[in-house]
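Asks: let me see the structure of the following:
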Amino acid sequence: MKKYPHYLDLQPARRVQGAVRLPGSKSISNRTLLLAALAQGDTDIRELLASDDTHVMLMALQKLGVRWEQKGASQDYLVHGAGGTLPVHSADLFMGNAGTAIRPLTAALAVMGGDYTLHGVARMHERPIGDLVDALNGIGCRIDYTGEPGFPPLHIQRGHIADRRLKVRGNVSSQYLTALLMAAPLMAKEQAVTIEVIGELISKPYIEITLNLMQRFGVEVVRDGWSAFTVPAGSRYASPGAIHVEGDASSASYFLAAGAIAGGPVRVEGVGRDSIQGDVRFVDALRQMGADISLGDNWIEARSTGALKAIDADFNHIPDAAMTVAVAALYADGTSTLRNIGSWRVKETDRIAAMATELRKLGAAVEEGADYLRVTPPERLQPAAIDTYDDHRMAMCFSLASLDGAIRAGTTVRINDPKCVAKTFPDYFDAFAGIIGRS
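Replies: Here you go, the predicted model:
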């Protein structure tokens, strides 16, 4: 296990330049692990993300009787599919703070039946899961809360599925719909399964990732826009043989923003113009802020063209990468507004409140709303000790405040509890140091 200090001091940096090889996508990694476990046949997963969240999923699958092997010291894994069932029918599963693990597993286990408990860290027990549980219990699954209603921990027992039409709200987390979609083929042996979305569906690009990966494992989902999704009768998962995990587009945002702020060029490798991840659209925000962006098949590059421009935009489609925009706004020529980011409230921490608090430490004027954030940069950034709330993205975002921009110098930034980056990017600060030049 990598060791981290209690805090990390970042000194002002005049310029950034270089290339970064991205770790695998968390969203793709955990989806692929579960699909491979449920599929018929063995799946060779290449360049799986090494992180706390994927470790949680791997350990849970192992407890459920799914066999897998890591190939030497690489991030390549061979997963032996269980063919639509799981060998172990009773287990106690620790899910950490991994939403991409607990939500799809909850749906799969509830549909297959057994006797399972799922729990995690304290913050996981504050993250809502009620809409997913209501959708599953509504068709005859049996999921009980063992703590506060609407939140983990959960106790799953064998139910009796009496319906193949589910309804789920779409305005809290797209992971609920993802979970139901991934579990649907397990119910569709003889009858089609339809999932109806109630209200607005947020974070649609993450559903695109789910549908793309299900297709690669042999299941075609019939869509009625964003309002209903049908898995045909007889659908079942089959291994594609081998699958490569793209570099993480959310992690790319920090390095691309660094290039836009402090010169560049900075190139990220492992994700490009044909990515299935919606967070590559982060480059559109950087372009709107005035950065120069280039894209290749498997790389993206950003460089500064001068002072960043203030932005006013809807970020419902890229909520994770939008956090990077909030810090980049410190280097803009006026007030920036990030809209439609209400889902930040139920992430690893209440990210709207946390972001507002830490931006103010740096001297910014911040207006915080139920689903928006308005950031006015100070004339001069103030040195600050940034609290990270056990949230990996807080730590990575605020490293950018140490960079010198075209109209505003960076400052000394202390990142408290830097080990939180292990959730998705254990080597983040090494990679960040690698692009810094102090000439």
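Asks: so residue 19 touches residue 270, yeah?
Replies: No - in this structure, residue 19 is not within contact of residue 270 by C-beta atoms under 8 Å, at 10.4 Å. Where you see a C-beta, it was placed from the backbone N, CA and C, and this is true even at glycine.
Asks: so which of these two has more stuff around it?
Replies: Between residue 19 and residue 270, counting by other C-beta atoms under 10 Å, residue 270 is the more crowded of the two (23 against 15).
Asks: for that one, which non-adjacent residue is closest in space?
Replies: Sequence neighbours aside, residue 247 is the residue nearest to residue 270 in space, at 2.4 Å (criterion: C-beta to C-beta, 6 or more residues apart in numbering).
Asks: do you know how far that neighbour is from residue 317?
Replies: 19 Å (C-beta to C-beta, to the nearest Å).
Asks: the domain parsing of this structure - what is it?
Replies: Domain segmentation of the chain under the TED database yields 7-23+248-435, 26-225.
Asks: still on that earlier bit, and residue 247 and residue 317? Which one has more around it.
Replies: Higher neighbour count among residue 247 and residue 317: residue 247, with 25 against 18, using other C-beta under 10 Å.
Asks: for that one, list the residues it contacts.
Replies: Residues near residue 247 by C-beta atoms under 8 Å, 6 or more residues apart in numbering: 21, 22, 23, 24, 25, 268, 269, 270, 271.
Asks: repeat that for residue 351.
Replies: Applying C-beta under 8 Å, 6+ apart, the residues contacting residue 351 are 323, 341, 344, 345, 391, 393, 394.
Asks: from those, pick the one nearest residue 430.
Replies: The shortest gap between residue 430 and any of these belongs to residue 393, at 17.6 Å (C-beta to C-beta).
Asks: surely the closest one meets residue 320?
Replies: Yes - counting by C-beta under 8 Å, a contact exists between residue 393 and residue 320, whose distance comes to 6.4 Å.
Asks: between the two, which one's more packed in?
Replies: A direct count of neighbours by other C-beta under 10 Å for residue 393 and residue 320 places residue 393 higher, at 30 against 26.
Asks: okay, and that one sits in which element?
Replies: Per DSSP states H and E, residue 393 falls inside helix 392-398.
Asks: now residue 166
Replies: Using DSSP H and E, residue 166 falls within strand 165-169.
Asks: on that earlier part again, in the helix holding residue 393, what's buried?
Replies: Residues of helix 392-398 classed as buried: 392, 393, 394, 395, 396, 397, 398 (neighbour count, 16 or more other C-beta atoms under 10 Å).
Asks: repeat for stretch 207-227
Replies: Here stretch 207-227 shows 207, 209, 210, 211, 213, 214, 216, 217, 218, 219, 221 as buried, counting by 16+ other C-beta under 10 Å.
Asks: turn the residues you listed into JSON lines, columns for pLDDT, secondary structure and distance to residue 262.
Replies: Below are the buried residues of stretch 207-227 laid out as JSON lines (pLDDT from 0 to 100; DSSP: H, G, I helix; E, B strand; the rest coil; distance: C-beta to C-beta, whole Å):
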{"residue": "207", "pLDDT": "97", "secondary structure": "helix", "distance to residue 262": "35"}
{"residue": "209", "pLDDT": "97", "secondary structure": "helix", "distance to residue 262": "31"}
{"residue": "210", "pLDDT": "98", "secondary structure": "helix", "distance to residue 262": "35"}
{"residue": "211", "pLDDT": "98", "secondary structure": "helix", "distance to residue 262": "37"}
{"residue": "213", "pLDDT": "98", "secondary structure": "helix", "distance to residue 262": "35"}
{"residue": "214", "pLDDT": "98", "secondary structure": "helix", "distance to residue 262": "40"}
{"residue": "216", "pLDDT": "98", "secondary structure": "helix", "distance to residue 262": "38"}
{"residue": "217", "pLDDT": "98", "secondary structure": "coil", "distance to residue 262": "41"}
{"residue": "218", "pLDDT": "98", "secondary structure": "coil", "distance to residue 262": "46"}
{"residue": "219", "pLDDT": "98", "secondary structure": "coil", "distance to residue 262": "44"}
{"residue": "221", "pLDDT": "98", "secondary structure": "coil", "distance to residue 262": "43"}
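Asks: okay then, goodbye and thanks.
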